[in-house]
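> with the input below, show me the fold.
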Amino acid sequence: MSSLAPVLFSELTSTKGKKIAIAQLNSEKTLNSLNLPMIELLYPQLQQWAKDDNVVAVVLQGAGEKAFCAGGDVKKICVAVREHGIDDKTAVDFFSAEYRLDYLIHQFPKPFIVWATGFVMGGGIGLLAGASHRIVTETSRLAMPEITIGLYPDVGGSWFLARLGQVGLFLGMTGAQINASDALQTGFASHALPSSARQQVLEQLALIEWAKDRQQHPQQISQLLDQLALKELPQGQLALAQADIEQRTQTNNLLELYQQLIQPSNNAWLDKAANTLKRGSPTSAALIYRQWQQGSTQSLADCFRQELTLSVQCARHPDFIEGVRALLVDKDQHPQWQPATIEQVTEAWLDGHYQSLWPEHPLADL
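Residues are numbered from 1 along each chain as shown. Sure thing, here's the model as predicted:
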């Protein structure tokens, strides 16, 4: 396959006639941001590898060292809606394909290893979250910063942020960036390895004497990764701010929560998170709170189905298109949110974002 292809596929010969399958997001200039051509290549290839008895594990990585995947191609959705109106199909085509891919990774029948070095944002978190082996490095920076573009933490965020409790609520509302230590603490990562060890991991995977019992393969991979693990990591930001986060999220009232999260502190990281929330979309803040409240009672498939409705509705409401315009298209950094304040966001306005758009849901078969 051409090196210009958006995803590169290869297979490493391992022991006993087995193979390690490797998929590499191949758009270093855009920090490997996920787009529809990538998804349309990845999905059928992963399905094929799932059925191939000789493939014992799949590795997903990004080209270069700056980013595994810094999000999804929301710019294309914005441009399409501005040109063709809210009935444009770009949003539903992209989000339904993306969530179907994420769900496949969550349900994958073999060890699925993600090398999440550098920036891991939004859609990159979606690819990471369902993997059996989630590797971060000393350079990893993870975030779900959708509030800055008038969206909300999708790609399964309803599922995994709700299951993180108050920390998940904080991360969703503020888009706060976390490091490798934080990723281990929250379960976003299962292992932390040196960024320089990527090739070594692949070489060592190929040398594993695979057990006849497939049920043992995940543990064989974990033992290898444990041996290569980083001995020292920088302190996690979440651990330093844990008491403060718990105190600020102790309320069942959205307006109180918002006011508590934007209060200044003696912690620069918390202050940055507060400022992100203050500058973000008020509608997004309210949607994120509702999403977090509901996610813990929903199945993973139901979370993805609801997120597709929400995401496509966001593309039909003002803030998502305006947020992407201000941040990524015109780049004036001055979005004009509608409504402009959290106090002006009504329940009826939020309910409109949950209105189904299809007689039969596009993800009904998940």
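> would you state the helices of the stretch 1-150 of the chain in chain order?
36-51, 74-84, 90-106, 123-129 (DSSP state H, counting those that start in this stretch).
> so where's the stretch 1-150 of the chain uncertain?
1-2 (pLDDT under 70).
> can we see that at 90?
Across the stretch 1-150 of the chain, the ranges flagged by pLDDT under 90 are 1-4.
> so what's C69 up against?
Taking C-beta atoms under 8 Å, 6 or more residues apart in numbering, we find C69 in contact with L25, L31, N32, S33, L34, G62, F119, V120, M121, G123, G124, L127. No exception for glycine: its C-beta is placed from N, CA and C like everyone else's.
> scan those residues and report the most crowded one.
Ranked by the number of neighbours (other C-beta atoms under 10 Å), these place V120 first, at 33 neighbours.
> so how far is H361 from the closest residue to it other than its chain neighbours?
Leaving aside its chain neighbours, V120 sits nearest to L142 (4.6 Å; criterion: C-beta to C-beta, 6 or more residues apart in numbering). Distance of L142 to H361, computed by C-beta to C-beta, to the nearest Å: 30 Å.
> and what of R198?
39 Å.
> circling back to that earlier point, what bridges to the residue nearest to V120?
On the basis of DSSP bridges, L142 is bridged to V120, I178.
> does it touch A183 like I think?
Yes. Between L142 and A183 there is a contact at 5.5 Å, judged by C-beta atoms under 8 Å.
> which one's more surrounded, the two?
A183 (28 against 24).
> which element is that one on?
Applying DSSP states H and E as the criterion places A183 in helix 180-186.
> one step back: now, of the helices of the stretch 1-150 of the chain, which is deepest in the fold?
Greatest average neighbour count among these goes to helix 123-129 (a mean of 27), per mean count of other C-beta atoms under 10 Å.
> off-centre distance for that helix?
3 Å (C-alpha atoms, centre = their mean, to the nearest Å).
> could you find the closest non-adjacent residue to A80?
T90 (3.9 Å).
> neighbours of the nearest residue to L238 once chain neighbours are set aside, how many?
Excluding the flanking residues, the one nearest L238 by C-beta to C-beta, 6+ apart is D182, at 4.6 Å. When neighbours are defined as other C-beta under 10 Å, D182 has 27 of them.
> residues touching D182, list them.
L142, F188, G236, Q237, L238, A239.
> just those residues: which are in strands?
L142 (DSSP state E).
> and the contacts of D182 as TSV, adding distance to L8?
Converted to TSV, these look like this (distance: C-beta to C-beta, whole Å):
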residue	distance to L8
L142	24
F188	25
G236	33
Q237	34
L238	34
A239	37
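> that older thread, of all the helices of the stretch 1-150 of the chain, which one comes closest to P264?
Evaluated with C-beta to C-beta, these place helix 123-129 nearest to P264, the distance being 27.8 Å.
> helices or strands up against that closest one?
strand 67-69, helix 90-106, strand 112-116, strand 141-143, helix 157-162 (3 or more C-beta pairs under 8 Å, 6 or more residues apart in numbering; DSSP states H and E).
> closest to A57 out of these?
strand 112-116 (6.2 Å).
> show me how far the closest one is from its chain's centre.
Distance, centroid of strand 112-116 to centroid of chain: 13 Å (C-alpha atoms, centre = their mean).
> quick revisit: quick one: closest of the helices and strands packed on helix 123-129 to D351.
Comparing the helices and strands packed on helix 123-129 by C-beta to C-beta, helix 157-162 comes nearest, at 16.7 Å.
> gap between that closest one and the chain center?
Worked out by C-alpha atoms, centre = their mean, helix 157-162 lies 10 Å from the chain centre.
> could I get it in CSV with only the CA atoms?
Extracted as CSV, the C-alpha positions of helix 157-162 are listed here (Å, rounded to 0.1, in the frame of the first residue of the first chain):
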residue,chain,number,x,y,z
GLY,A,157,-17.6,9.3,26.7
SER,A,158,-21.1,8.8,28.1
TRP,A,159,-20.0,5.3,29.1
PHE,A,160,-16.4,5.8,30.4
LEU,A,161,-16.8,9.3,32.0
ALA,A,162,-19.9,8.3,33.9
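> other SSEs contacting that helix?
Looks like helix 157-162 contacts helix 123-129, helix 166-174, helix 282-295, helix 300-314 (3+ C-beta pairs under 8 Å, 6+ apart).
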